[in-house]
Each structure stands twice: as structure tokens, then as C-alpha cells.
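Chemist: whatever this is, show me its structure:
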Amino acid sequence: MIYSIEGKLIRKMPMEIIVDVGGLGYMVHVSLSTSGTLPDEGSNVRIFTLLMIRDETLELYGFATEREHRIFQEMILLPGVGPKLALRILSRLTPDEILNAVISQDVEFLIKTPGIGKKTAERLIVELKDRVEDMGLIQREEIKGDFIPEAIEALTVLGYKRNDAQQIVRRTAKEMQKKPETLELFLKEILKRV
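Modeler: Numbering: from 1, shown residues only. This next block holds a predicted model:
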């Protein structure tokens, strides 16, 4: 297994890059988010990789962070989620957004990604929810007391569009210094910021 490569970035396209490592040019499939974080052509780069063999073809997938690398590995294990769809998901959503959607069981948030229908989103949530703690990507405390789904529901009842409610709730959760102890405290904080 090739865990990472380091070399000169000789070509950078939106979802593919070529990295020269000791005179060998490796073509690597990347997400848009990884591509966007890489420096200009000619710079030295190090990316985390996963080598896959498909139909007698070797394909190398690359990631800017270990977090993105691990989520990709977990997603491609799921039925109906191949490497192309997993890259598409990681091009549209950050690893943290994926984990938050999984933890809060937010199907609506996931189906905004092209190629993800309701069944695939539900499968991602069911399959990944049990694994995210084992992956070391979140702590058990992050799962407990997560009021994001309830807060989104409360705002939609108050008349906010679901998309707006999701953005407001997620932004507030990120900006708060510590996790709210109750749903009521979380809602008060959200309404202060609206």
C-alpha cells in the first residue's frame, strides 16, 4: 500500500494531479477540496494516498489530510459508494460536514450532493455512525448532547426554510465556545444570532 507520496507537483487539474517522485510521474485522483489546498505547479507537495486496483488498472487517490483520507476509505467500503462517488462527496463537503451530518442523521444535508439519493444518504448515516468513533475522528462526547437535528427542526417550525435553518444552526454550533448543555440554551443562542 502506498500511504503517501512526496515530490514536485508538475501538473494540477481540478480533480487530477501529477506528482514527480524521483523521476516517476504519479497521476493521482483528488477531490476539489484537496486540489484547492495544493500549492502552484512546481512546488513540493506531500499527499496521503490510496492505491486501488480496478479492472486490471491501478488508480491512485490522493488527499490533503489524513482525516479526508480515512473518511474516503470508510465510504468506499459501503455498498453503492465507489471511489468516484466518494471523491464527489468530498469535493462538495468537508470531512467535518460529513461527520456532522452522520452524527446528526441529517439526510437532507447529504442529498444536496449530486449523485447521492435518499437511500445512499441513509446508508452513509447508518453505516458510518457506528464507525466514526472507532475511526478516532470524533470523541464520544461529540455524539452525546448533539442538538443539531432538534434545533434545525425547531427553526423550520418557526418558519425558516430548511436550508437556512441548517446553515444557521451549523454556524452557531461552530461559533459557540463550548457545547450547550440543553436544547433550550442552544436555541436561545441561535435566536440571538439570527
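
Chemist: helix or strand with the lowest mean pLDDT in the protein?
Modeler: Every helix and strand in the chain was compared by mean pLDDT, DSSP states H and E; the lowest is helix 140-143, with a mean of 43.

Chemist: what's the following helix or strand after that helix?
Modeler: Moving toward the C-terminus from helix 140-143, the next helix or strand (DSSP states H and E) is helix 148-157.

Chemist: distance of the residue in the chain sticking out farthest from the centre from I10?
Modeler: Most distant from the centre of the chain: G23, at 32.6 Å, with distances by CA atoms, centre = their mean. From G23 across to I10, the span is 11 Å (CB to CB, to the nearest Å). Where C-beta positions appear, they are placed from N, C-alpha and C, glycine not excepted.

Chemist: can you map out the strands along this structure?
Modeler: Using DSSP state E, the strands of the chain run over 4-12, 16-21, 24-30, 44-54, 57-63.

Chemist: buried ones in the longest helix seen in the chain?
Modeler: Counting by DSSP state H, the longest helix found in the chain is helix 162-175. Using 16 or more other CB atoms under 10 Å as the test for burial, helix 162-175 gives 165-166, 168-170, 172-173.

Chemist: likewise for stretch 104-117?
Modeler: In stretch 104-117, counting by 16+ other CB under 10 Å, buried: 104-107, 109-111, 113, 116.

Chemist: work out the gap between it and the centre of the chain.
Modeler: On the basis of CA atoms, centre = their mean, to the nearest Å, stretch 104-117 sits 12 Å off its chain's mean C-alpha point.

Chemist: what does that stretch rub up against?
Modeler: Contact with stretch 104-117 is made by 85, 88-89, 92-93, 97-98, 100-101, 118, 120-122, 124-125, 129, 146, 148-149, 152, 162, 166, as judged by CB atoms under 8 Å, 6 or more residues apart in numbering.

Chemist: 7 Å - rerun?
Modeler: If you take CB atoms under 7 Å, 6 or more residues apart in numbering as the criterion, stretch 104-117 is touched by 85, 88-89, 92-93, 101, 118, 121-122, 124-125, 146, 148-149, 162, 166.

Chemist: endpoints of it, how far apart?
Modeler: End-to-end distance for stretch 104-117, by CA to CA, to the nearest Å: 18 Å.

Chemist: stretch 130-149 too?
Modeler: End-to-end for stretch 130-149, by CA to CA: 18 Å.

Chemist: can you check stretch 6-21 too?
Modeler: End-to-end for stretch 6-21, by CA to CA: 7 Å.

Chemist: buried ones in that stretch?
Modeler: Buried-residue list, stretch 6-21, by 16+ other CB under 10 Å: 7, 9, 12, 17-19.

Chemist: got JSON lines for those residues, with pLDDT and distance to P79 too?
Modeler: Formatted as JSON lines, the buried residues of stretch 6-21 follow (pLDDT from 0 to 100; distance: CB to CB, whole Å):
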{"residue": "G7", "pLDDT": "97", "distance to P79": "35"}
{"residue": "L9", "pLDDT": "97", "distance to P79": "35"}
{"residue": "K12", "pLDDT": "95", "distance to P79": "33"}
{"residue": "I17", "pLDDT": "97", "distance to P79": "29"}
{"residue": "I18", "pLDDT": "97", "distance to P79": "32"}
{"residue": "V19", "pLDDT": "97", "distance to P79": "32"}
